[in-house]
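In: Here you go, sequence then predicted model.
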Amino acid sequence: MNRSYWGQLLVGSIMTVAVLALSGCSASDGPDGDGEDTPTIYTAGTYNDGTKDNACYWEGTTRHDLPGNGTDPAYARSVFVSGGIIYTAGYYFVGSRAIPCYWAGTTRTDLPGDGTHNAFANSISISGGTVYTAGEYFNGSIRIPCYWTGTTRTDLPIDVAYSAADVYSVFISGGTVYTAGYYFVGTTTVTTVPCYWTGTTRTDLPVDGADDGFAYSVFISGSTVYTAGEHYRDMKFTPCYWTGVTRTDLAGDGTHGARANSVFVLGSVVYTGGHYFNGGINVPCYWTSTFKNDLPGDGFHDATVRSIFALADTVYTAGYYDDGSKTIPCYWTGSKRTDLAGDGTHDAMACSIFVE
């Protein structure tokens with residue numbers, strides 16, 4: 001695996017859980033006999049087998065591979081469970097071209113870009129039996145943000161003369177499609193503007209003056225739109241979430257940069273997940289409102305949270321940590337880490353989590 005690719009993936013994207021079925025774990029006589037069902041944890045991501053990168057999802061700790069074209073790399077970026085079916089979204093390569101897709105179980109459905117250039121599906125949600133995915137495609141000049149309803153593509157506006165955009169999250173609420181990401185403005189001096197779209201209506205999110213900002217995740221609670229990401233402030237990236245268009249900054253170590261990759265709202269509590277730099281390594285963490293909770297990696301190398309989910313009184317997060325020779329996919333139940341299997345030798349990572 002190209003280790004530099006993993007670094008670019010961390011810097012450039014976030015995998016997010018979209019509309020979430022919170023009723024999947026109910027009070028009943030569960031398998032543990034204590035009147036509570038034991039939740040099932042689903043994660044999605046990618047592992048390298050020494051020859052190529054492979055898309056996969058894990059049900060608990062059991063890995064299921066997802067088909068690309070059999071020869072070239074494939075990547076799973078998001079997972080969602082509905083009606084007993086495990087859906088994942090991502091993309092696979094045919095030669096040098098990336099093709100967006102989703103998998104229902106292990107059955108792949110390709111999604112349309114412009115038919116010639118790269119396109120990517122980054123997030124998935126199911127509502128009313130319909131599959132929604134979101135991402136972007138290259139039209140030969142710029143990247144166009146979009147979402148797909150089934151296999152029908154809807155382009156999203158960026159409303160500037162020269163720009164490009166990325167969409168990293170989709171959430172369905174009340175029949176409305178919400179997406180979040182950022183777009184680029186400028187030709188010589190480029191600024192990134194965080195935003196979310198309600199249908200095809202774009203709402204820009206505030207940062208400090210003309211500084212760059214990025215939105216990686218969207219969640220709807222009631223009628224309020226929550227997004228999470230980062231903005232550039234005081235010569236470092238500051239993690240944050242937005243309640244509507246009101247920004248709340250989150251703390252790292254107080255000196256170095258940090259990042260919020262995912263947001264989840266349960267009741268009145270906003271949970272975000274990501275990492276912060278402590279001067280030596282990236283430390284995985286999640287924030288309960290603005291309170292930071294550190295998570296264990298190996299203690300010596302970089303780690304990050306890519307996705308967060310809250311169910312009852314438990315916070316679940318997924319991501320990966322580096323053991324010095326490879327990245328290891330994992331999820332955390334509270335602060336307890338569970339490692340996931342790649343091929344045991346090469347890099348792997350978990351990008352998304354869903355719990356029911």
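Out: Alright, I've got the coordinates. Residues are numbered from 1 along each chain as shown.

In: Return the residues in contact with Y271.
Out: Contacts here follow CB atoms under 8 Å, 6 or more residues apart in numbering; on that basis Y271 touches 263-265, 286-288, 308, 310, 315. Yep, even glycine has a C-beta here, placed from its N, CA and C like the rest.

In: could you dump those to TSV with neighbour count, pLDDT and distance to T107?
Out: Putting the contacts of Y271 into TSV (neighbours: other CB atoms under 10 Å; pLDDT from 0 to 100; distance: CB to CB, whole Å) gives the following:
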residue	neighbour count	pLDDT	distance to T107
V263	31	98	30
F264	27	98	28
V265	19	98	32
Y286	28	98	33
W287	25	98	37
T288	13	98	38
I308	29	98	28
A310	21	98	30
V315	23	98	32
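
In: quick one: which of those residues is nearest G45?
Out: Each of the contacts of Y271 was checked against G45 using CB to CB; the closest is I308, at 14.9 Å.

In: Would you confirm that that closest one contacts S262?
Out: Yes. The pair I308 and S262 passes the contact test of CB atoms under 8 Å, sitting 4.5 Å apart.

In: quick one on the thing from earlier: narrow the contacts of Y271 to those in strands?
Out: In this view, these that belong to strands under DSSP state E are 263-265, 286-288, 308, 310, 315.

In: any idea which of the contacts of Y271 is closest to A251?
Out: W287 (8.0 Å).

In: Can you tell me how far that closest one is from A165?
Out: Going from W287 to A165 by CB to CB, to the nearest Å gives 26 Å.

In: again with Y286
Out: When CB to CB is the yardstick, Y286 and A165 sit 27 Å from each other.

In: do the same with T345
Out: Applying CB to CB, the value for T345 to A165 is 37 Å.

In: So these two - more neighbours on which side?
Out: The neighbour comparison of T345 against A165 (other CB atoms under 10 Å) goes to A165, with 24 against 12.

In: burial count for Y183?
Out: With other CB under 10 Å as criterion, Y183 counts 25.

In: Output the helix or strand harbouring F237 as PDB - backbone C-alpha positions only.
Out: Counting by DSSP states H and E, the element that carries F237 is strand 236-243. As requested, C-alpha coordinates have been extracted for strand 236-243 and formatted as PDB (Å, rounded to 0.1, in the frame of the first residue of the first chain):
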ATOM      1  CA  LYS A 236      -3.500  25.800  13.200                       C
ATOM      2  CA  PHE A 237      -6.700  23.900  12.400                       C
ATOM      3  CA  THR A 238      -9.300  24.100  15.000                       C
ATOM      4  CA  PRO A 239     -12.000  21.400  15.300                       C
ATOM      5  CA  CYS A 240     -15.600  22.600  15.500                       C
ATOM      6  CA  TYR A 241     -19.200  21.800  15.000                       C
ATOM      7  CA  TRP A 242     -22.000  24.100  13.700                       C
ATOM      8  CA  THR A 243     -25.500  24.200  15.100                       C
END
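
In: Enumerate the positions of it that are buried.
Out: Neighbour-count burial for strand 236-243, counted by 16 or more other CB atoms under 10 Å, picks out 237-242.

In: coming back round to it: which one of the contacts of Y271 is nearest to G70?
Out: I308 (33.3 Å).

In: Tell me what the nearest residue to that closest one once chain neighbours are set aside is bridged to.
Out: Setting aside the residues directly before and after it, I308 is nearest to G273 in space (CB to CB, 6 or more residues apart in numbering), at 3.6 Å. Note on G273: beta-bridge partners by DSSP bridges are S262, Y286.
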